[in-house]
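Undergrad: The following comprises the amino acid sequence and a computationally predicted model.
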There are 2 protein chains.
Amino acid sequence: MAGAFAAGRLAAPDAEPVSGAVASYPFRGERQAGIVTPAQDRLHFVALDVTTDDRDRLVALLEAWTEAAERMTRGTSAGPVGAVDGPGNAPPDDTGEALDLPPSGLTVTFGFGPSLFADADGNDRFGIAERRPAALERLPRFSADVLDPARSDGDICIQACADDPQVAVHAIRNLVRIGFGTTAVRWSQLGFGRTSTTSRSQSTPRNLFGFKDGTANIKAEEAAALDQHVWVGADDDPNAAWLAGGSYLVTRRINMTIEVWDRQSLDAQEQFVGRTKGTGAPLSGGEEFSVPDFDIRGSAGPLIPVDAHVRVVHPRAHDNVRMLRRGYNFVDGSNDVGGLDAGLFFIAYVRDPRTHFIPLQRAMSKTDALMEYLRFTGQALFAVPPGVGEGEYVGQALFA
Amino acid sequence: MAGAFAAGRLAAPDAEPVSGAVASYPFRGERQAGIVTPAQDRLHFVALDVTTDDRDRLVALLEAWTEAAERMTRGTSAGPVGAVDGPGNAPPDDTGEALDLPPSGLTVTFGFGPSLFADADGNDRFGIAERRPAALERLPRFSADVLDPARSDGDICIQACADDPQVAVHAIRNLVRIGFGTTAVRWSQLGFGRTSTTSRSQSTPRNLFGFKDGTANIKAEEAAALDQHVWVGADDDPNAAWLAGGSYLVTRRINMTIEVWDRQSLDAQEQFVGRTKGTGAPLSGGEEFSVPDFDIRGSAGPLIPVDAHVRVVHPRAHDNVRMLRRGYNFVDGSNDVGGLDAGLFFIAYVRDPRTHFIPLQRAMSKTDALMEYLRFTGQALFAVPPGVGEGEYVGQALFA
């Protein structure tokens, strides 16, 4: 598969924006769109379970999803006869709520969870168990996690990002509709404010702690860093050549106890994070993009405290690994203690979760000062295959 | 109070947009903003319960909310020392996540529920029982309702609408924060796509059935219709002079069984609604804004079926009453049958719910063909006081 791209069979390089609300990113390409694509404002993410053991039906669904996703990213209906111009005696093959809306920068990104390769009883339902990447194991529970199984894991994930939430919802809703009888929704998550940038052309947004988030994120322009930290290499896993050029997608649903956070002093908030709230500069000085100096000491100890978030998860402490983050803020109604059910839906793309995510999360769960204000309520890991060539369906190399 | 406006004491007429993302609507005026204001794209709605019996504390909160809401609708922080420029040893008086974001057309609209006037035991906690409007009673349960008490009712509501969801969430989050110790969140709802227009300058959006919604809505430009159907008249209720110039706000959380709907033929969908899916024209012919002709018959009966939604709720069937709708689409994750927890968060402003809402809902619940695809999971009614004059706080006439 990877060879096909090297041979120049594909016309389109990775996603390039057109303009504003009419931005349109090609679905097919060397990589799946929605990873280094400049982070859109809105997210609808769904995890599905496959409800059949029929491999042919699963493959047929991946083919149908590929066609529908490509159509919708162009701003057209999910199917060829649309929402309103089909025969009256048949259900429309598009649900219609995005009629007349522009593509709005829609990207649709697919991933495969560990359970697709072997179910809870170890059954190889689809004859792909031998191709399971060694790194694609159910994530461990981290200390202090309060994971809700109904918000965790899944056989397949679909991430839809767009600048109009109705467009993102329309995409997921139609893909779920097409999957009816073959897949069922396990969980889904809406996000409304991106918390990371993936391009130098974007300014850094803020999470619900009010701080800039993702300042040190890998950007689309850092080709060498992407190869080193995000894209799975051709020789990374002999069992999973199909994943070369793809990535791993980690999700963590992070509830923030915002009502408690809001009662902390500004100084305390900045000490927890290790950056100033205003500009996002590290407490060691400079401006947002200045490199934190963890050695500078003030009269009361290091200017960046030993348990500050920026220090605990900094690449310096983790063999210089980095990740490409793509999270979104969420508010899901209210909780049962008179507050808002709010936080950060963390999404990261990494080359290997064993080196690029799990050690950082372990360190964070154990020592990060922010942990007092966080509750981890869901998580999942998916292998994200590389891009889809002309005439192919998403994940084809896994099933071919 | 109403006289003050008539005397021209207020400079600002009702909300007028400035432009795009920097649109800013004044908080103070003859009416509260967020009713006839051109419907913004995003909603965060919260219902709160008052957790104290101390009238002075409640009044102090209304004063603080008024100040904060006015500041935020101008695009500034919720409090005077902001998120990042206060003393370091105190909590900031703004949570910071909307720093640098423009006003985004934010409006903040307050309402009072029946339970504020008398609690479940009939106690007049705040000395305002005698001023309860006769129409402000807990809504009845309608046939087929499956109401969740945790998504229904409330002492106070706050509707925040904006073109950026982070701005709407920031507003509600800060008002909830300011209310800590006096109020607690009872329920909240995010909405992402407006389903009605309130101005002739807006095109009609679509609900999650894929149909245009709100075609016949009262528009801001229809001053006589607003006086007749939306604004409470000076003589409507002798017990509640404080509400003159205000309105009643009805919410209904309407889950759509979209997976079932999506399997219905286009013809069937159009028969249920009574309009075409493409243009929104009534099945009796014409274009979107053509008046439905309920008398035209085809070979199989009326072109607009007797149980079509447009016929059942049409003003012709209800003494020509109309309402100003301001609903939003929502998706709240997934349900327990492998689908999306999605639908319409119905909001309507009416002069009197006894004449302008309850009869229509009764008719709809009993005879509307759409009911097969709807589940009503929450509802509430609030009295929305008129606008806030200079130097006043919201609802002041109720407590004065």
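TA: Ah, there it is.
Undergrad: Show me the residue sitting in the middle of chain A in space.
TA: A:Ile347 (3.7 Å; Cα atoms, centre = their mean).
Undergrad: Tell me how far that residue lies from A:Ile35.
TA: Applying Cβ to Cβ, to the nearest Å, the value for A:Ile347 to A:Ile35 is 10 Å. All C-beta atoms are positioned from the backbone trio N, CA, C, and that covers glycine.
Undergrad: same thing with A:Asn239?
TA: A:Asn239 is 23 Å from A:Ile35, by Cβ to Cβ.
Undergrad: So the two - more neighbours on which side?
TA: Legend: neighbour count by other Cβ atoms under 10 Å in any protein chain shown for A:Asn239 and A:Ile35, higher for A:Ile35 (27 against 13).
Undergrad: what about the more buried one, helix or strand, and which?
TA: For A:Ile35, there is no helix or strand it lies in under DSSP states H and E.
Undergrad: Roughly how far does it sit from B:Leu48?
TA: In terms of Cβ to Cβ, A:Ile35 sits 40 Å off from B:Leu48.
Undergrad: what's next to stretch A:56-64, contact-wise?
TA: With Cβ atoms under 8 Å, 6 or more residues apart in numbering or on different chains as the test, stretch A:56-64 has contacts from A:50, A:52, A:110, A:126, A:178-179, A:182-183, A:393-396, A:399.
Undergrad: Which residues in stretch A:304-315 does the neighbour count mark as buried?
TA: A:Ile304, A:Pro305, A:Asp307, A:Ala308, A:His309, A:Val310, A:Arg311, A:Val312, A:Val313, A:His314 (16 or more other Cβ atoms under 10 Å in any protein chain shown).
Undergrad: Report pLDDT for A:Asp85.
TA: Looking at A:Asp85, its pLDDT is 83.
Undergrad: Now do the contacts for it.
TA: Counted by Cβ under 8 Å, 6+ apart, A:Asp85 has contacts B:Gly278.
Undergrad: what are the phi and psi angles of it?
TA: Note on A:Asp85: backbone dihedrals following degrees, to the nearest 10 are phi -120, psi 20.
Undergrad: Render the CA-only coordinates of stretch A:202-211 in PDB, please.
TA: Output of stretch A:202-211 as PDB, limited to C-alpha atoms (Å, rounded to 0.1, in the frame of the first residue of the first chain):
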ATOM      1  CA  GLN A 202      -3.500  28.900  14.000                       C
ATOM      2  CA  SER A 203      -3.400  30.700  17.300                       C
ATOM      3  CA  THR A 204      -3.500  28.700  20.400                       C
ATOM      4  CA  PRO A 205      -7.000  28.300  21.900                       C
ATOM      5  CA  ARG A 206      -7.900  27.800  25.500                       C
ATOM      6  CA  ASN A 207      -9.300  24.900  27.500                       C
ATOM      7  CA  LEU A 208     -11.900  25.200  30.200                       C
ATOM      8  CA  PHE A 209      -9.300  25.900  32.800                       C
ATOM      9  CA  GLY A 210      -8.900  29.100  30.900                       C
ATOM     10  CA  PHE A 211      -5.300  28.400  29.900                       C
END
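Undergrad: quick one: it to chain centroid distance?
TA: Chain-centre distance of stretch A:202-211: 17 Å, with Cα atoms, centre = their mean, to the nearest Å.
Undergrad: ok, how many other residues are close to A:Val337?
TA: 9.
Undergrad: sec struct for it, please.
TA: Here A:Val337 is recorded as coil under DSSP: H, G, I helix; E, B strand; the rest coil.
Undergrad: any shared contact partners between A:Ile347 and A:Ile35?
TA: A:Arg326.
Undergrad: For the residue of chain A positioned farthest from its centre, give its distance to A:Gln271.
TA: Distance from the C-alpha centroid of chain A, by Cα atoms, centre = their mean, peaks at A:Ser299 (41.1 Å). A:Ser299 sits 14 Å away from A:Gln271, taking Cβ to Cβ as the criterion.
Undergrad: ditto for A:Pro26
TA: Going from A:Pro26 to A:Gln271 by Cβ to Cβ gives 45 Å.
Undergrad: what's the answer for A:Pro103, then?
TA: A:Pro103 is 44 Å from A:Gln271, by Cβ to Cβ.
Undergrad: now A:Asp235
TA: A:Asp235 is 43 Å from A:Gln271, by Cβ to Cβ.
Undergrad: ok, the two, which is more surrounded?
TA: The neighbour comparison of A:Asp235 against A:Gln271 (other Cβ under 10 Å) goes to A:Gln271, with 20 against 8.
Undergrad: Need phi/psi at A:Leu374.
TA: Torsion angles, degrees, to the nearest 10, at A:Leu374: phi -130, psi 150.
Undergrad: is it true that it touches A:Arg252?
TA: No. With contact defined as Cβ atoms under 8 Å, A:Leu374 does not reach A:Arg252; the gap is 9.6 Å.
Undergrad: When those two are compared, which one has more neighbours?
TA: A:Arg252 (25 against 21).
Undergrad: Backbone dihedrals for A:Trp187, both of them.
TA: Taking degrees, to the nearest 10 as the convention, A:Trp187 sits at phi -160, psi 160.
Undergrad: coming back round to it: centre of the chain to the helix or strand encompassing the residue nearest to the centre of chain A, how far?
TA: Per DSSP H and E, A:Ile347 falls inside strand A:340-350. Chain-centre distance of strand A:340-350: 9 Å, with Cα atoms, centre = their mean.
Undergrad: Repeat that for stretch A:44-54.
TA: With Cα atoms, centre = their mean, you get 17 Å for stretch A:44-54.
Undergrad: And it, what's buried?
TA: Result for stretch A:44-54 [16+ other Cβ under 10 Å]: buried residues A:His44, A:Phe45, A:Val46, A:Ala47, A:Leu48, A:Asp49, A:Val50.
Undergrad: a strand runs through the fifth one, doesn't it?
TA: Put plainly, it is A:Leu48. Yes. A:Leu48 sits within a strand when classified using three-state DSSP.
Undergrad: Need the per-residue pLDDT for A:Phe167.
TA: Rather than Phe, residue A:167 is Val. With respect to pLDDT, A:Val167 has a value of 95.
Undergrad: can you give me the end-to-end distance of stretch A:82-93?
TA: Start-to-end span of stretch A:82-93 (Cα to Cα, to the nearest Å) is 6 Å.
Undergrad: Pull out the buried residues from it.
TA: A:Gly82, A:Ala83, A:Val84, A:Gly86, A:Pro91, A:Pro92, A:Asp93.
Undergrad: Can you tell me the SS state at the fifth one?
TA: To tie it back to what came earlier, the one meant is A:Pro91. Under three-state DSSP, A:Pro91 comes out as coil.
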